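# Need a 3D model of the following:
(2 chains)
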Number of protein chains: 2
Amino acid sequence: MPLPDYFEDFEIGTTQKFGRYHVTREEILEFAEKYDPQPFHLSDEAAAKTLFGSLCASGWHTCAMAMRMIVGNMTGGGKGTLGSPGINELRWTRPVFPGDTLRMESTIIDKKESRSRPEIGTVYMQNKVFNQNDELVMSNQPMVMFRKRNPG
Amino acid sequence: MPLPDYFEDFEIGTTQKFGRYHVTREEILEFAEKYDPQPFHLSDEAAAKTLFGSLCASGWHTCAMAMRMIVGNMTGGGKGTLGSPGINELRWTRPVFPGDTLRMESTIIDKKESRSRPEIGTVYMQNKVFNQNDELVMSNQPMVMFRKRNPG
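Alright, predicted model coming up:
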């Protein structure tokens, strides 16, 4: 079941499982060179001197790959989505390595109608990203604004 | 003054100002096509129907651009940095538009030695990203692990 388009259709307590993102060494390097050129994201030698052990993806790259899986799971390409005011408790729990395949689980933990804008509501989610060994690599709690199908 | 390399050198209460990142329409589209292809990140027409008004950068792209400014501000290219276990209270407060120029302010809000690993400490920061009109576009509170110069 894909992500609903409208605020009314989100049901607190439901969990969706979706996504499949294969992480390549080339993409890890491309992202890191552009946005996060810390040594341990650029070479196995530098990463070996850290807690990571070998080359791993920038945490922001993991966020970006998760977003791509989320958009791929939107019903109508995100017709009702109005963007996000923010994220709580973002945690990078394990490194993401070249060759990993990521997937997601997203649980609706709360939803609130806007008081000032009757056409909008905010959905609170708990998102988790796992690797191919079912190890949690990232979790966070996004707030996402959605249009109502029937405003007011 | 750039970001220190070692845990001992971070001083609670100090604020650094740094970075200059010019945001192009091409880069916004390139990031969005790859990682966040929601309609309002891909066309002015779709964005006009949202709260954003016109094409704006993915929030994750803003995170990535901020990370690039942070790495550019590291003393020795991040010799002492060991990565981040996570981020608290990430907020996207205003859209980032093509043509914007971003800059950062980073305040050290706390630091704690690791109990289990005497060679490591965690630094807690409040990061803010501003546009060329000194409007806050993003804020967050990263936790970053650093090596100690003198372990134990």
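# When you work out contacts or count neighbours from here on, use the C-alpha atoms and nothing else.
Fine.
# who does the lowest-mean-pLDDT helix or strand in chain A touch, helix- and strand-wise?
Lowest on mean pLDDT, DSSP states H and E among the helices and strands of chain A sits helix A:44-48, with a mean of 90. Of the remaining helices and strands, none touches helix A:44-48 by 3 or more Cα pairs under 8 Å, 6 or more residues apart in numbering or on different chains; DSSP states H and E.
# In three-state terms, label residue A:98 for me.
Following DSSP: H, G, I helix; E, B strand; the rest coil, we place residue A:98 in the coil state.
# Can you tell me which residue is spatially central in chain A?
residue A:66 (3.4 Å; Cα atoms, centre = their mean).
# does that residue really touch residue A:105, like I thought?
No - in this structure, residue A:66 is not within contact of residue A:105 by Cα atoms under 8 Å, at 10.2 Å.
# Quickly list what's touching both of those two.
residue A:129 (Cα atoms under 8 Å, 6 or more residues apart in numbering or on different chains).
# What's the separation between the nearest residue to residue A:73 once chain neighbours are set aside and chain B?
Leaving aside its sequence neighbours, residue A:73 sits nearest to residue A:2 (Cα to Cα, 6 or more residues apart in numbering or on different chains; 5.1 Å). Noted for residue A:2: a distance of 15 Å to chain B, by Cα to the nearest Cα, to the nearest Å.
# Tell me which helix or strand comes right after the helix of greatest length in chain A.
Ordering each helix of chain A by length in residues (DSSP state H) puts helix A:59-72 first. The helix or strand immediately downstream of helix A:59-72 is strand A:86-92, counting by DSSP states H and E.
# anything in that next one near chain B?
Yes - residues of strand A:86-92 contacting chain B under Cα under 8 Å from any Cα of the partner chain: A:86-92.
# which residues sit against that strand?
A:59, A:137-144, B:84-92.
# If we look just around chain B, which residues of chain A are in range?
For chain A, the contact set with chain B under Cα under 8 Å from any Cα comprises A:34-39, A:50-51, A:60-61, A:63-65, A:67-68, A:71, A:77-78, A:82, A:84-93.
# Please pick the buried ones from the residues you listed.
Buried positions within the residues of chain A next to chain B, assessed by neighbour count (16 or more other Cα atoms under 10 Å in any protein chain shown), are A:35-39, A:50, A:60-61, A:63-65, A:67-68, A:71, A:78, A:82, A:84-93.
# and residue A:147, what is it in contact with?
Shown in contact with residue A:147 (Cα under 8 Å, 6+ apart): A:5-7, A:80-82, A:119-121.
# likewise residue A:56?
Going by Cα under 8 Å, 6+ apart, residue A:56 touches A:28, A:40-41, A:47, A:95-98.
# mind running it again at 6 Å?
Shown in contact with residue A:56 (Cα atoms under 6 Å, 6 or more residues apart in numbering or on different chains): A:41, A:95-97.
# ok so, going back, okay, among the residues of strand A:86-92 next to chain B, which ones form the most distant pair?
The most widely separated members of these, counting by Cα to Cα, are A:86 and A:92 (16.8 Å).
# Run a quick neighbour tally on residue A:112.
When neighbours are defined as other Cα atoms under 10 Å in any protein chain shown, residue A:112 has 12 of them.
# Equivalent analysis for residue A:22, please.
Residue A:22 has 15 neighbours, counted by other Cα under 10 Å.
# In contact with it, which residues?
Residue A:22 makes contact with residue A:101, according to Cα under 6 Å, 6+ apart.
# and it, bridged to which residues?
Taking DSSP bridges as the rule, residue A:22 bridges to residue A:101.
# could you measure it against residue A:103, distance?
Going from residue A:22 to residue A:103 by Cα to Cα, to the nearest Å gives 9 Å.
# go on, residue A:84?
Separation of residue A:84 from residue A:103 (Cα to Cα) stands at 21 Å.
# The spatially closest residue to residue A:74 that is not a sequence neighbour - how many residues pack around it?
Nearest non-adjacent residue to residue A:74, counting by Cα to Cα, 6+ apart: residue A:3, 4.8 Å away. Residues near residue A:3, counting by other Cα under 10 Å, number 19.
# Help me confirm that residue A:3 comes into contact with residue A:71.
No - contact between residue A:3 and residue A:71 fails when scored by Cα atoms under 6 Å: they sit 8.8 Å apart.
# Spell out the secondary structure type for residue A:13.
Assigned state for residue A:13: coil (three-state reduction, three-state DSSP).
# thought it was touching residue A:106?
No - using Cα under 6 Å, residue A:13 is not in contact with residue A:106; the gap is 10.0 Å.
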